[in-house]
Each structure stands twice: as structure tokens, then as C-alpha cells.
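Q: When you get a sec, could you give me coordinates for this:
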Amino acid sequence: MNKTVLMKGVMCAFLTIALTACAAGQKSAEPGPSGGAADAEVKQPKPPEPVDITVFSINRTTEDAFNKQYGEAIRSKFPHVNLKVVVNGKGTGIPELIGSNTPIDILYGSVEGIFTNVIDYKLQYDITGLIQSRKYDLNKLEPSIVELQRKLSGGKLYGLPVWTATSGLFYNKDLFDKFGQPYPKEGMTWDELAELSKKMTRLEDGVQYYGYVTGPGAQMATNQLGLDPIDPVTMKSNFTSEPWKQFMQSIVDIYKASGLAYKADELDVAKSRAAFEKESRVAMYTNYSGGTPPETMNWDVVSVPSYKNAPGKGPQVYPNYWYVSGISKHKEAAFDIIAFLSSDEFQIPHNRKGYATVLKDEAIKKQYGQDMPKFKGKNVAAMFPKQPAPAMNYTPYVRNAQNVFQSAFQKHMLEGIDLNTVMREAAEQLDKQVMDAQGK
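A: Residues are numbered from 1 along each chain as shown. Here you go, the predicted structure:
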């Protein structure tokens, strides 16, 4: 073979090998896991698939109110979610939804709603696994609110809180100025309130002024001693027990300290509240459901007074919980929504709008209502008890107990029936209501 031809063949072969090696070298030199456009394309997460989520409002919140309070924020955070709300009402209750195979992914409402709208229809679902897999931090929540949910769920967790009711001793500053009395102070006892109420109760220029009014039923349902109105095991009323009689006596004593002979209208809860908020004839009023005086009143607030045998203990928490439905086909998506609603991202602005936070962060609590003019300069921190009383053992009949207790208070005050008798009759009435409800 010609030497020239041989050399050309060798050089071609060498060049081919070199080019192949070069190409291989270039390929191995492409960016690895640390960056690069090609890698970014591979690792780009897929957008979530669209999902339909139906929310059931236990407390009959209107759709418009739902959207303003929750819906707009949920849709903004989860654009892939097609959100629908069903409001509890005639023809749209849980039985009708189940009967028509309507999806239910989330249910929400006040604390006692778990029985009649979740557990009674076997819609509960333990979210403990989702809390772990989604790495949700329960420690950021107010511990007493988590404790109550565990009690409601039999040691499990069926839901997460989104907001809670505040409580406080509200007072009309103008009335205290008018009568030359010092304003209520932080850390008062109920005995001290009774003395102050007595000084502020008077008839002047034909107008009857009252030192203090309350809703005894609401006070019972959030009682600062952690008393159970119904034994959760026997389902019998506890109203004949000595602690409950003493609790009733403590409310009665404040009213009787004024020396007034009350009429029915003066003990009606709605009319008592109107006398405080609209007529400015009441100096002090305790609220346990998150309500506050109107903007037109010159008001402020201190913590609810405490009992000598439970110093510093505030009322029990009264939260609004959101539940993942046991029949939901989208439990993870439902949980993610609930987790978002109980996160700092949602809680901070929600709290500033006047929906009390469920987070334990004191700095966030102090921002309560600050986007609303009526809260400017008010002692809002007082509306979050530093030591909420231990949560009672809730039963489906707490609302019955509340109404019966309210009725017993009025009967004692108006008819003069002795306390032992009205509490015994209240217990009998409550027991009958429970037995009737259970079909016994």
C-alpha cells in the first residue's frame, strides 16, 4: 500500500477517535444537579391538577360572607382549586347532601357543631397522618384550643382551628366619668366587680343605670372553673353539685349587690346587651362570644374578672374549627386549605380584621382588630386570656345546658325560688332533654 494513503487512513482514524472523545467529554461536562437550563427543565414541578373542593358551612354563613372572610384568600393561594360553598339550611343540610351524593370535602363551624354535623353522620377523619406527612406544626397554635379539639375527637384530631371568640369585661368610659368612679382595672376579682357594680347602679334623672349585666348561659358555657354541665360518661346533669351551685351563686350575688328588684325585661340577655350597647344605661358587660361595643361608644376593656379559688384563670376558649371530611376524595388538598387558614400568612391579616387568632404568638394577638377604627387605642390584649380555664368535656347537649342554666337564673331572681330548688329542677329538665334526644 502507498505510504501516503496509509498515513491518511491513520490520521482519519485518529481524528475520528478524537472527535468522538471530544463529544463525549462535552456531554459529561454539562451542568449536573447544581444548575443549568436543561436540568431546570427536568426538575420543574408540574402545576397541581385542578381539583373541586366543596365546603359546608355548619353555622349558616352566607356565601357572600364566606367569600369575603375565606374564599378570596383560598382562591388566591390555591388557583387550581375550584371552590364551592354549601350553606346549611332547608334542603341543604348534611342528610340532603349525603342523599344526593354531593361531595363534602371540608366542614366548618363553632365548637359544638362537631357532634350534630360531623360525628353524627360519621364524617369525621383523623388528620394526624396528614399533619405528619405535610409537616404541619401544631406547636404554633394556642395549646388550649388543640387540647379542646383532642377532647372533642376522643384523643384524635378531626380538625384545626381558624379563629376563636375573645372575651372581656367591657365598660362605658362616659358613665364612669359621669359618676366619678375609677375605671375597672386589670386583674380584678368577681368580688371587686360586685363592689364596683353596686357603686355604678343608680336611678338618676328618671333613668335607671346598671353597674353590670351578663349572659349567665354564655358564662356557664365558658366557665372559668372548667366545670362539666353534663357528665360525659353517665350523660347526667351535674347542676346539683356543690361547685355548680356556687358558680350560680357568684352570678346571683353580683346582681343582688345592687339592691334592685329586677323585672323580666331587665334579665333578658338580648335586652340587657341592648341596654349596654344602644341605650348606654349599663356601665359594664361581659361578652364571651367575641362581640364588642359599637364604634359610637367611648369604651375600653379589661380581662374578665377571676375567682379567688382560680386566680388568673380566664374563660374557656370557644373556637371555630375546620374539618377534613371522611368522605372527601381530595383529603390532602382539603387539609392544605385548612393548614393555610391556620398559618401566619392568613392568621395575621385575619386577626387584624377582627377575627381573633388561634396562634399563641403574643405579638400577633396584640394586633387584633388593628385594621378597624373601633379598636384603635383599645386594650385588645385583655381579650385573650393569658390562662384559659381547662376545657370542659363537651357533649352534644351543651347548648341545652346553657339554656337551662339561663332559665334557672331568671327563675331564682324573678320568682324568689331558692337556689337549691332551681338547680335541682334545672338538672331534672336537662336530664329529660338529653334522654328525649337519645330516644330513651
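
Q: what residues are up against the residue lying closest to R352 once chain neighbours are set aside?
A: Closest residue to R352 apart from its sequence neighbours, by C-beta to C-beta, 6 or more residues apart in numbering: D371 at 4.3 Å. The way it works is simple: take the backbone N, C-alpha and C, and place the C-beta from them, glycine included. Taking C-beta atoms under 8 Å, 6 or more residues apart in numbering, we find D371 in contact with 349, 352-354.

Q: Of the residues you listed, which belong to helices?
A: Among those, DSSP state H puts 349, 352 in helices.

Q: And the buried ones among the contacts of D371, selectable in PyMOL?
A: For the buried members of the contacts of D371, the matching PyMOL selection, counting by 16 or more other C-beta atoms under 10 Å, is:
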select buried, resi 352+354
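
Q: now for the contacts of D371, which pair is the farthest apart?
A: P349 and G354 (10.9 Å; C-beta to C-beta).

Q: Y262: what secondary structure?
A: coil (DSSP: H, G, I helix; E, B strand; the rest coil).

Q: The closest residue to it other than its chain neighbours and D253: what is the separation?
A: Closest residue to Y262 apart from its sequence neighbours, by C-beta to C-beta, 6+ apart: M413 at 5.5 Å. Separation of M413 from D253 (C-beta to C-beta, to the nearest Å): 11 Å.

Q: These two: which is more packed in?
A: Per other C-beta atoms under 10 Å, whichever of M413 and D253 has more neighbours is M413, with 22 against 12.

Q: which residues touch T189?
A: Per C-beta under 8 Å, 6+ apart, neighbours of T189: 305-308.

Q: Okay, and the beta partners of it?
A: Following DSSP bridges, T189 is listed with bridge partners S306.

Q: ok, so what distance separates it from E195?
A: 10 Å.

Q: what about the helices in the stretch 201-350 of the chain?
A: 216-221, 242-256, 264-267, 269-277, 331-341, 344-352 (DSSP state H, counting those that start in this stretch).

Q: So for T102, which of those sits nearest?
A: That would be helix 331-341 among the helices of the stretch 201-350 of the chain, by C-beta to C-beta, at 15.0 Å.

Q: what's the distance between the closest one and the middle of its chain?
A: Mean-position distance between helix 331-341 and its chain equals 17 Å (C-alpha atoms, centre = their mean, to the nearest Å).

Q: Kindly report the same for stretch 218-233.
A: The answer for stretch 218-233 is 18 Å, by C-alpha atoms, centre = their mean.

Q: Can you list the buried residues in it?
A: Of the residues in stretch 218-233, those buried (16+ other C-beta under 10 Å) are 218-225, 227-230.

Q: Now for F239: which residues touch it?
A: 229, 245, 401, 404-405, 408, 423-424, 426-427, 430.

Q: Go again with 6 Å.
A: Contact analysis of F239 by C-beta atoms under 6 Å, 6 or more residues apart in numbering lists 423, 426-427.

Q: Can you tell me which of these comes closest to N82?
A: A426 (48.9 Å).

Q: In three-state terms, label that closest one for me.
A: helix.

Q: That one against A408, yeah?
A: Yes. The pair A426 / A408 is scored as a contact, 4.0 Å apart, by C-beta atoms under 6 Å.

Q: now stretch 236-246: mean pLDDT?
A: Mean per-residue pLDDT for stretch 236-246: 97.

Q: got any ranges where this protein has weak pLDDT?
A: Counting by pLDDT under 70, the chain contains low-confidence ranges at 1-44.

Q: per the record, what domains does it have?
A: According to the domain assignment given by automatic domain parsing, the chain is divided into the following structural domains: 51-165+318-383, 168-316+397-437.

Q: For P45, find the nearest of those.
A: Closest among the domains of the chain, using C-beta to C-beta: domain 51-165+318-383, at 12.5 Å.

Q: T166 belongs to a helix?
A: No. Secondary structure of T166 (three-state DSSP): coil, not part of a helix.

Q: what's the closest non-adjacent residue to it?
A: In this structure, T166 finds its nearest non-sequential neighbour in M383, 3.7 Å apart by C-beta to C-beta, 6+ apart.

Q: Distance of that neighbour relative to F409?
A: Per C-beta to C-beta, M383 is found 25 Å from F409.

Q: Throw together a PyMOL command that grabs the buried residues out of the contacts of T189.
A: Typed into PyMOL, the next command selects the buried ones out of these (criterion: 16+ other C-beta under 10 Å):
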select buried, resi 305+306+307
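
Q: could you pull out the helices for the stretch 51-200 of the chain?
A: 63-66, 72-77, 94-99, 113-117, 128-133, 143-152, 173-178, 190-200.

Q: mind giving me TSV with these and columns for distance to P315?
A: Shown next, in TSV, are these (distance: least, C-beta to C-beta, whole Å):
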stretch	distance to P315
helix 63-66	26
helix 72-77	29
helix 94-99	30
helix 113-117	19
helix 128-133	28
helix 143-152	11
helix 173-178	23
helix 190-200	12
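
Q: I364: which of these is closest?
A: Nearest of the helices of the stretch 51-200 of the chain (C-beta to C-beta): helix 143-152, 14.0 Å.

Q: Let me see the contact set for G416.
A: G416 touches nothing, counting by C-beta under 6 Å, 6+ apart.

Q: separation between it and Y125?
A: 51 Å.

Q: And for S303?
A: From S303 to Y125 the distance is 37 Å (C-beta to C-beta).

Q: ditto for T240
A: Taken as C-beta to C-beta, the span from T240 to Y125 is 38 Å.

Q: Looking at the two, which is more packed in?
A: Taking other C-beta under 10 Å, T240 and Y125 do not tie; Y125 has more neighbours (23 against 15).

Q: Might one say that the more buried one is in contact with I327?
A: No. Y125 lies out of contact with I327 (C-beta under 6 Å); the separation is 8.5 Å.

Q: Leaving out chain neighbours, which residue sits closest to Y397?
A: Using C-beta to C-beta, 6+ apart, the closest residue to Y397 is V434 (5.2 Å).

Q: In a helix, the one you found, correct?
A: Yes. V434 sits within a helix when classified using three-state DSSP.
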